[in-house]
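Student: Quick one, fold the following:
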Amino acid sequence: MTAAQRPHSMTAFGRGESGEARRWTVELRSVNHRFCDVRVKMPREYVILEDRIKKEISSVFARGHIEVLVSLAGGRAQGGRARVNLELAGQYLACLDQLQRSFDLEGRPSLAMLAALPDVIREDEEDESLDEVWAEIREAVAGAVSACLTMRADEGQSLKAELLTRLAGFEATVTTIGQAIPGLVAQREAALKERLALLLAGVDLDPTRLAQEVAIMADRYDVTEELVRLQSHIQQFRSFMNLAEPVGRRLDFLLQEFLREINTMASKINDTDITHKAVELKNEVEKIREQVQNLE
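Tutor: Got it, this is the predicted structure:
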């Protein structure tokens, strides 16, 4: 069993069958989960094979809560022989004779009556080979896993398309903020110079020192570093989406870094328009994160 094209969604269903005289059916239902959590339900007499099923599935899926339902139609392998339990039949007959004497009943117990009593005649089942049973179940498991992988891959590609579309909108907003920052910083610098000029009117202050102080104060509003890091995170997000391996956890961590840079940027710039755009960015990150939660 091999993994199909990435990324994969963790939400999927798969079904597989095997056998003829007796038919095994395996159904997989997968939903999102932080780890690979496999739960198996199967006929009690074959529960010894549960660990093999879990190992088989865990070798393919990296994450997801996976419920496995194993069912059997046709019963155990044929080939047993009917046997009479003479000792038990004798005990039944003695009990019936005792009832007949105790209550003065007419007649004698018949053959049909004895044969109908529990376990007088039973079929001894031959021992089954677990390896043969496992070969049958494994075939059905492989079919279910293959179908589940196909659905995971299809859902994953749909999620990828949606995430990249949202990411493009997010990047466009970041670019708009980046284009507005130089003008905003220049306005803040001019306003600071004007304020200082009024406050320091008549005070003999070195113009160079004044310019330095204004530059330092204006630099506090410069979010170029945060914007550069956001652009870097965006490119990293795209590169992760093209990896042929599970990326859900890495994307989730990266989105936390998105939020960190957005919050820092919003705290630096006390501007209504930029604040509104920062709120838009945070909302978009949360929407992206909801979808990323479904990726393996």
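Student: Find the helix or strand that the residue nearest to Gln231 when sequence neighbours are not counted is a member of.
Tutor: Once flanking residues are discounted, Gln231 sits nearest to Val174: 6.8 Å by CB to CB, 6 or more residues apart in numbering. In short, each C-beta sits where N, CA and C put it, glycine included. Assigned by DSSP states H and E, Val174 belongs to helix 130-199.
Student: tell me what that helix is packed against?
Tutor: Judged by 3 or more CB pairs under 8 Å, 6 or more residues apart in numbering; DSSP states H and E, helix 130-199 is in contact with strand 12-18, strand 23-31, helix 50-58, strand 64-73, helix 207-219, helix 224-241, helix 272-292.
Student: got the angle between it and helix 272-292?
Tutor: Counting by axes from the mean of the first three to the mean of the last three CA atoms, to 10 degrees, helix 130-199 lies at 180 degrees to helix 272-292.
Student: who touches the residue nearest the centre of the chain in this structure?
Tutor: Of all residues in the chain, the one closest to the mean position by CA atoms, centre = their mean is Asn32, 2.4 Å from it. Under the criterion of CB atoms under 8 Å, 6 or more residues apart in numbering, the neighbours of Asn32 are Met10, Thr11, Arg63, Gly64, His65, Gln293, Asn294.
Student: Are any of the residues you listed buried, and if so which?
Tutor: Buried members of the contacts of Asn32, counted by 16 or more other CB atoms under 10 Å: Met10, Thr11, Arg63, Gly64, His65, Asn294.
Student: picking that back up, verify the contact between the residue nearest to Gln231 and Leu227 for me.
Tutor: Yes - counting by CB atoms under 8 Å, Val174 sits close enough to Leu227 to count as a contact (6.4 Å).
Student: who's more crowded, those two?
Tutor: Applying other CB atoms under 10 Å to Val174 and Leu227 shows that Val174 carries more neighbours, namely 22 against 17.
Student: Could you report the distance from the more buried one to Asp273?
Tutor: Counting by CB to CB, to the nearest Å, the gap from Val174 to Asp273 is 14 Å.
Student: With Gln291 instead?
Tutor: Per CB to CB, Gln291 is found 28 Å from Asp273.
Student: if you count what's nearby, which of those two comes out ahead?
Tutor: For Gln291 versus Asp273, the count of surrounding residues by other CB under 10 Å is larger for Gln291: 16 against 12.
Student: For the more buried one, give its distance to Phe61.
Tutor: Separation of Gln291 from Phe61 (CB to CB) stands at 19 Å.
Student: just Gln5 next, same as before
Tutor: Plainly put, Gln5 is 15 Å away from Phe61 if you go by CB to CB.
Student: okay, these two: which has more neighbours?
Tutor: Neighbour count, other CB under 10 Å: between Gln5 and Phe61, Phe61 has more, with 25 against 13.
Student: Surely the more buried one touches Cys36?
Tutor: Yes - between Phe61 and Cys36 a contact is recorded at 5.5 Å, counting by CB under 8 Å.
Student: What angle do helix 50-58 and the helix holding Val174 make with each other?
Tutor: Angle of helix 130-199 versus helix 50-58, following the same axes, to 10 degrees, is 50 degrees.
Student: Can you check what angle separates helix 130-199 from strand 64-73?
Tutor: Here the directions of helix 130-199 and strand 64-73 differ by 160 degrees (the same axes, to 10 degrees).
Student: mean confidence score for helix 130-199?
Tutor: For helix 130-199, mean pLDDT rounds to 89.
Student: cool, stretch 35-46 as well?
Tutor: 94.
Student: contacts for that stretch?
Tutor: 49-50, 53-54, 57-58, 61-72, 76, 133, 137.
Student: got it, and stretch 253-260?
Tutor: By CB under 8 Å, 6+ apart, the surrounding residues in contact with stretch 253-260 are Arg229, Leu230, His233, Gln236, Phe237, Phe240, Leu281, Lys282, Val285, Ile288, Arg289, Val292.
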